[in-house]
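Enquirer: A structural model of the following input is requested.
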Amino acid sequence: MLIDLHTHSYPQSDDSFMSVDELVEAAKARGLDGVCLTEHDAFWSEEEIRTLSRRHGFLVLGGTELNTDGGHVLVFGLDRYEFGMHKPAVLRARVDQVNGVIIGAHPYRRRFLPEAAGDPEARRGMLDRAAGDQFFCVCDAVEGVNGRGKPAENLFSQDLASRLSLHVSGGSDAHRLEQMGSAATRFQSKISNLEDLIQELRMGRFEAVALP
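Expert: Model prediction:
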């Protein structure tokens, strides 16, 4: 199954330019099997998610993209924001309480400098510093294919994941309709609900996919 784990709709994410219904229909049109709504520091309720799934006849799952002191993370398993979640350790403890999952989103940001990456030694230095960042200790996986990331940025994320021995996910990070379907995560097993998604993510039975 191909599921986009990283999307944003307006007005839940105020920097998005598409409604949730447009988002879901675009995911269907691009040939995906499901889509996760990961608004910025916001959550869709279970009832809203079920209503969207029924209305579109399509698998819609809920998550969130949280801004922490160490970087952005995609979180699955929580249903509301609680004070202190901007602290990675606090967030990790809360996610563990609900057996959820944390994925480091676009890990190249603020860690990869394209103007210096042409120098192999400089790139190794960036990778060394990123691999030593304690932020990634709270992550179960990292986003290795971000639909809005450039090839060199995504390659850096994949190399970082290899250094950290973490699996890589894929997502479009779409804020506009034309960005939908650019990247996704392929799962080996059928995903029917959020519990299935979390289980497969925790087991590492998935891979990032860049789509044409």
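Enquirer: which helix of the protein spans the most residues?
Expert: Longest helix of the chain, by residue count under DSSP state H: helix 151-164.
Enquirer: may I have that one as CSV, with CA atoms only?
Expert: Extracted C-alpha coordinates of helix 151-164, given in CSV (Å, rounded to 0.1, in the frame of the first residue of the first chain):
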residue,chain,number,x,y,z
PRO,A,151,17.5,15.3,-4.4
ALA,A,152,20.6,16.3,-2.6
GLU,A,153,18.6,17.1,0.6
ASN,A,154,16.8,13.8,0.5
LEU,A,155,20.0,11.9,-0.1
PHE,A,156,21.5,13.6,3.0
SER,A,157,18.4,12.5,5.0
GLN,A,158,18.9,8.9,3.8
ASP,A,159,22.6,8.9,4.6
LEU,A,160,21.7,10.3,8.0
ALA,A,161,19.2,7.5,8.6
SER,A,162,21.8,5.0,7.6
ARG,A,163,24.2,6.4,10.1
LEU,A,164,21.5,6.3,12.8
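Enquirer: which helices and strands does it pack with?
Expert: If you count contacts as 3 or more CB pairs under 8 Å, 6 or more residues apart in numbering; DSSP states H and E, helix 151-164 packs onto helix 120-131, strand 141-146, strand 167-171. For every residue, glycine as well, the C-beta is placed using N, CA and C.
Enquirer: ok, now with 10 Å
Expert: strand 101-104, helix 120-131, strand 141-146, strand 167-171, strand 206-210 (3 or more CB pairs under 10 Å, 6 or more residues apart in numbering; DSSP states H and E).
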